[in-house]
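Got a predicted model here, sequence first, then my questions.
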There are 2 protein chains.
Amino acid sequence: MEQVLRKLAKEYQDLNGAEFTRIEGRYIQDSDWPRWQHIGRPVLIDDYFTFGEDEGWTDAWLREVFGSIPLSIAVTPDGAADALKEHSDGRTYFVEPLTEQQDITSFLASFGQDDATHQEVRYLQSQNGNIYNSSIPITELHALRQHIPLHVPFVHHSLGVEPDAVNLWIGDKRSVTSLHSDPYENIYHVIRGVKHFTLFPPTETCFFPDHEYPHATYTRTEAGLQLTPSDPAQHPPVRWLSFDPDNPPEGTRPLFITVRGGQTLYLPAGWNHHVRQAGLGEQGQGVCVALNWWYDVQMEGMTWVWLAFLRKGIRYLENEEEGRRD
Amino acid sequence: MEQVLRKLAKEYQDLNGAEFTRIEGRYIQDSDWPRWQHIGRPVLIDDYFTFGEDEGWTDAWLREVFGSIPLSIAVTPDGAADALKEHSDGRTYFVEPLTEQQDITSFLASFGQDDATHQEVRYLQSQNGNIYNSSIPITELHALRQHIPLHVPFVHHSLGVEPDAVNLWIGDKRSVTSLHSDPYENIYHVIRGVKHFTLFPPTETCFFPDHEYPHATYTRTEAGLQLTPSDPAQHPPVRWLSFDPDNPPEGTRPLFITVRGGQTLYLPAGWNHHVRQAGLGEQGQGVCVALNWWYDVQMEGMTWVWLAFLRKGIRYLENEEEGRRD
């Protein structure tokens, strides 16, 4: 089975190289989106969205939009949220961030500071459709809805579908998203700053060792943030890929895509992605502000079956629910 | 590996059922074709093409168009061309038809007769782009080009691609096409008569036993058509699926689609198809006249890798060229 997966990955590499498509937004036609879905490779789009051009989504503008609304902020000691971490008990955990409520003013004030409190890393990244969620009428960042399109026009015009979720992301260069894949078609738009994506196609998931890790979260104590193992009855172990960005496994061929303010990335369902970011300061200081739209993957046809096969890899014949096995 | 293939087939069936899409041609939009390609399931289209409505592609009209041009006709004793046949030597062969040149008048006269000569079954089915072939300037049925669109507008409008080949098919109910798949996207349009497709998705190829068979052709002798084994040095064995239409293998779920005059079928690349046909007579006598456009399968992305994997099935890790192994 492993040999089969390795051969599939190799054939995919041979056919597709390490290229990706780049297009000016104004040239997108109705047939492009379903074609991109079919090909299932990343597409980088320039100057498609025009919202945000006037207001620039500056700190002042963000403060005006959100006022005193409490925002859910992910807090970690080092910027690694939803990531593997070795605990003082010697075990490696999958650690979720502490979530704290904070208004936009104090949240934005946490960047570019260096006193002790602010050595914690804060990231607005709730990933639950914080602007729009197809199953929740009012969401935390509702106020932003009037300033953005709630669907991506080239998706909506061609297929008429609505997104499952629209998210806002605000963080700085200390925050890194560890390697993972999502069962969603992802349209990722950067407004301020830069996102650096390191991508691996679904066929290369098999090269990344994955294991089940006990679950933990960061909690706040008098001594600061502390990694706290969860009750396994409430939080079953999480299967996660292990990945060292400086040393990707033999056999993989990473695709590096930098998405700058004004650019939009189509990241197809099932692609493994590791994301770094930076602000526009000389050393990358300042925040990166980005939006993404998640659309359901096409369930009809082969895509789902194929992605499930590649994701489960050598465990394809096991009857496990992912992440639900004890 | 067989278990993996069986699970993939089952998951595909569970997700997709035994349904197919049907649409009126006038409602087709530019985004439909790439979406259909992505989903990769058959689509039956009504009243899309209007060519042929005036002239009806009657025998008289066909005689007028082709005059005395010699046409390549496939001749078999029983209508099974490119099919498995047991020889008097006790071995089963993959048998290609005898090809004879004949003008349209004598070809059409061979249907609905019952004298000894006409008990042979004739089928205009040269499958080599007899109307249009992207790599040959003049083809045998060149005369037909002015009467049909050389590309399918909904494909051309959306992606701008040209077909690899356009073929004419004229035969009657005695001719049957045995189960196989092609590495092409197939747009199949029936003008007169009826085609009955029995279809199995690429995920079910693994259920059909396939074997390598020595190659043979029909040759004409004084005693009539005779199955003649080929020189194996010139014609290596052919790998072919064995299939009994009345008894498809356990685990398969055939999709039956009847395509009538005026209807067009999109048959996605890699789908296994077995095809019967009939004329419009009370017992199905008379000829069925059909056209098809073959388009290259999308090589970018996953499709090719996935189809190759499913086609080779348990032999995926063998380094064989299909049909080229001795």
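Here it is on my side, so go on. Residues are numbered from 1 along each chain as shown, chains lettered A, B, ... in the order given.

where exactly do the helices run in chain A?
For chain A, helices defined by DSSP state H occupy the ranges A:2-16, A:32-39, A:59-66, A:104-109, A:153-159, A:303-312.

quick one: terminal-to-terminal distance for stretch A:155-174?
With Cα to Cα, to the nearest Å as the measure, the first residue of stretch A:155-174 is 33 Å from its last.

And for stretch A:251-268?
Between the opening and closing residues of stretch A:251-268 there is a gap of 21 Å (Cα to Cα).

does that stretch come close to chain B?
No. Taking Cβ under 8 Å from any Cβ of the partner chain as the criterion, stretch A:251-268 and chain B are apart, separated by no less than 8.8 Å. All C-beta spots, glycine's among them, are computed from the backbone N, C-alpha and C.

helices and strands around the helix or strand of chain A with the lowest mean pLDDT, which ones?
The weakest-scoring helix or strand in chain A, judged by mean pLDDT, DSSP states H and E, is helix A:153-159 (a mean of 89). Using 3 or more Cβ pairs under 8 Å, 6 or more residues apart in numbering or on different chains; DSSP states H and E, the elements in contact with helix A:153-159 are helix A:32-39.

how about the helix it packs on: buried residues?
Applying a neighbour-count criterion of 16 or more other Cβ atoms under 10 Å in any protein chain shown, the buried positions in helix A:32-39 are A:32-39.

And the contacts of that helix?
Surrounding helix A:32-39, the residues in contact under the criterion Cβ atoms under 8 Å, 6 or more residues apart in numbering or on different chains are A:21, A:23, A:43, A:154-155, A:158-159, A:185, A:266, A:268, A:298, B:31-32, B:34-35, B:37-38, B:158-159, B:298, B:300-301, B:303.

Strands along the stretch 201-326 of chain A, start to end?
Defined through DSSP state E, counting those that start in this stretch, the strands belonging to the stretch 201-326 of chain A, from first to last, are A:210-213, A:215-221, A:224-229, A:238-241, A:255-260, A:263-267, A:272-278, A:288-296.

burial count for the closest residue to chain B within the stretch 151-300 of chain A?
In the stretch 151-300 of chain A, the residue found nearest to chain B is A:Ser158; the distance is 3.8 Å by Cβ to the nearest Cβ. Per other Cβ atoms under 10 Å in any protein chain shown, the neighbour tally for A:Ser158 reads 24.

now A:Gln101
For A:Gln101, the neighbour count with other Cβ under 10 Å is 11.

Return the most buried member of the helices of chain A.
Among the helices of chain A, judged by mean count of other Cβ atoms under 10 Å in any protein chain shown, the one packed with the most neighbours on average is helix A:32-39 (a mean of 24).

List every C-alpha atom in that one, with coordinates, as PDB.
Taking C-alpha atoms only, helix A:32-39 is exported to PDB below (Å, rounded to 0.1, in the frame of the first residue of the first chain):
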ATOM      1  CA  ASP A  32     -12.600  29.000 -14.900                       C
ATOM      2  CA  TRP A  33     -13.700  28.100 -11.400                       C
ATOM      3  CA  PRO A  34     -15.100  24.700 -12.200                       C
ATOM      4  CA  ARG A  35     -12.100  24.000 -14.300                       C
ATOM      5  CA  TRP A  36      -9.700  25.000 -11.500                       C
ATOM      6  CA  GLN A  37     -11.700  22.700  -9.200                       C
ATOM      7  CA  HIS A  38     -11.300  19.900 -11.700                       C
ATOM      8  CA  ILE A  39      -7.600  20.400 -12.000                       C
END
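
Might one say that the residue of the stretch 151-300 of chain A closest to chain B is in contact with A:Asp30?
Yes. With contact taken as Cβ atoms under 8 Å, A:Ser158 and A:Asp30 are classed as touching, separated by 4.4 Å.

Spell out which parts of the stretch 101-250 of chain A neighbour chain B.
Residues of the stretch 101-250 of chain A lying near chain B (Cβ under 8 Å from any Cβ): A:158-159, A:202-203.

picking up where we left off before, now tabulate the strands of the stretch 201-326 of chain A in a markdown table and tack on mean neighbour count, mean pLDDT and distance to B:Thr92.
Formatted as a markdown table, the strands of the stretch 201-326 of chain A follow (neighbours: other Cβ atoms under 10 Å in any protein chain shown; pLDDT from 0 to 100; distance: least, Cβ to Cβ, whole Å):
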| stretch | mean neighbour count | mean pLDDT | distance to B:Thr92 |
| --- | --- | --- | --- |
| strand A:210-213 | 15 | 92 | 47 |
| strand A:215-221 | 16 | 96 | 59 |
| strand A:224-229 | 16 | 95 | 65 |
| strand A:238-241 | 20 | 93 | 49 |
| strand A:255-260 | 17 | 96 | 48 |
| strand A:263-267 | 24 | 98 | 50 |
| strand A:272-278 | 21 | 97 | 47 |
| strand A:288-296 | 23 | 96 | 48 |
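
Now the stretch 201-326 of chain A against chain B: closest residue?
Residue nearest to chain B within the stretch 201-326 of chain A: A:Gly301 (3.7 Å; Cβ to the nearest Cβ).

What's the local residue count around that residue?
For A:Gly301, using other Cβ under 10 Å, the count is 21.

and if you look at A:Gln127?
15.

doesn't A:Asp164 make contact with it?
No. Counting by Cβ under 8 Å, A:Gln127 stays clear of A:Asp164, with 11.6 Å between them.

Run through the stretch 101-250 of chain A and note the low-pLDDT ranges.
Counting by pLDDT under 70, the stretch 101-250 of chain A has low-confidence residues at A:113-118.

Spell out the residue ranges of the strands in the stretch 1-150 of chain A.
Secondary structure of the stretch 1-150 of chain A by DSSP E, counting those that start in this stretch: the strands cover A:21-24, A:43-46, A:71-76, A:80-81, A:83-86, A:92-96, A:98-102, A:121-123, A:132-133.
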